[in-house]
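Participant: the following comprises the amino acid sequence and a computationally predicted model.
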Amino acid sequence: MSLFKSASSRWRSVPFLTASALSLTIYTAHLRLRPALADDTFPRLTEGQPRPSQADVANLRSIPVCIITANPDEAESLQSKMKGTWARVRDVEILGVHGGLTFFTGQVMGKNGATHSAYITSCTRPGTQTFAIECSSLFRALQPQYAVHVGVCTVPNENIGDVVLGDAAYNYDEEPEHWRLWHCPTELEYFVNKQRNATWHYGYFMSGLSARVDAAGFFAHGQTFNRLTRALDRESSAFLEICDLLGVRCLGVIKGVSAHGDTEDCGIPHAYTRAIDAVLTPLEEWLSFSVAPVESEYATGSPEVSLAT
């Protein structure tokens, strides 16, 4: 029996979060948060729940560019090394998120040298389900115009510290015959090819509950599904689906290679740090290539602005 078939049999005996269940999670969060937030009103809070800072939320809703990670440590690392000064905003309460989120607000360079307000944030903890719920809640409340997801990934036979940039993903926790490709078209492939950087790679992500120690077999099968399959991670398919559902202009996914998905991973020194550090340059250059001037009406922070592309 092949590696994939035996693994597929194991899937049926374990209660994995399937792609359809993940879609339901995202859509349920969307329905719960459907009423638009008026300029001076906030969602009804349960008794004892702390009230969010109106000033913080209103300010964040006026910022067009969101950089989101799955892990608070990743957001902290990014803000400490990105260009410019980033101000910390603590304990921002978002309906649908357990506990307050930390944001780092600053400026990024966009097209033609224009600067744009941006924030870096993360979910409260890593994990596919947490990311799906909290990312969708955050996007519904703050309505960023642009969003890019940054983090780490697993790639067999790739150098630690290389970077994968992609705008499509599918969830490998679902049975293969039900795999659905979520694709938010961008110019990432053109951008990567234009840069001619041997450590940057364009490709699609296979997303699931974990980066597996037998990643090579799953990765090989994923490439039979789509030859552009390049990396394994947890969150990319959820992120792309959320952007599509809520109308956020997706700038894709940028992830550093932190693991090979085999038994030797634990012996690679500083792999995680090297992977996070590696995304800084492609992230900043991609933003300067892709972020266009913001519509004047969006800068007012009005929650009613259309985000249709």
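Facilitator: Yep, it's here.
Participant: strands of the stretch 1-150 of the chain, start to end?
Facilitator: Read by DSSP state E, counting those that start in this stretch, the stretch 1-150 of the chain holds these strands, from start to end of the chain: 65-69, 87-92, 101-109, 115-122, 146-154.
Participant: can you say which of the ones you listed is nearest to Pro293?
Facilitator: strand 115-122 (8.1 Å; CB to CB). The way it works is simple: take the backbone N, C-alpha and C, and place the C-beta from them, glycine included.
Participant: okay, angle between that closest one and strand 87-92 too, please.
Facilitator: Between the axes of strand 115-122 and strand 87-92, defined by axes from the mean of the first three to the mean of the last three CA atoms, to 10 degrees, the angle is 40 degrees.
Participant: just to revisit the earlier point, Asp56: which of the strands of the stretch 1-150 of the chain is closest?
Facilitator: Closest to Asp56 of the strands of the stretch 1-150 of the chain, according to CB to CB: strand 87-92, at 5.1 Å.
Participant: what strands flank the closest one, and is each parallel or antiparallel?
Facilitator: strand 101-109 (antiparallel) (DSSP bridges).
Participant: state the mean pLDDT of the partner strand.
Facilitator: When pLDDT is averaged over strand 101-109, the result is 95.
Participant: quick check: which ranges of this protein have low pLDDT?
Facilitator: Filtered on pLDDT under 70, the chain yields the residue ranges 1-54, 175-178, 209-214, 221, 262-267, 294-309.
Participant: what about 50?
Facilitator: Judged by pLDDT under 50, the chain has its weakly predicted residues at 1-20, 27, 30-31, 33-45, 48-50, 52, 296-309.
Participant: my guess is Val291 contacts Asn112. True?
Facilitator: No: look at Val291 against Asn112 with CB atoms under 8 Å: they stay out of range, at 10.2 Å.
Participant: span of stretch 146-165 from start to end?
Facilitator: One end of stretch 146-165 to the other measures 16 Å (CA to CA, to the nearest Å).
Participant: wait, stretch 190-206
Facilitator: Taking CA to CA as the measure, stretch 190-206 stretches 21 Å from start to finish.
Participant: now find how far off-centre that stretch is within its chain.
Facilitator: Taking CA atoms, centre = their mean, to the nearest Å, one finds stretch 190-206 lying 17 Å from the centre of the chain it belongs to.
Participant: what do you get for stretch 193-209?
Facilitator: The gap between the average C-alpha position of stretch 193-209 and the chain average comes to 15 Å, counting by CA atoms, centre = their mean.
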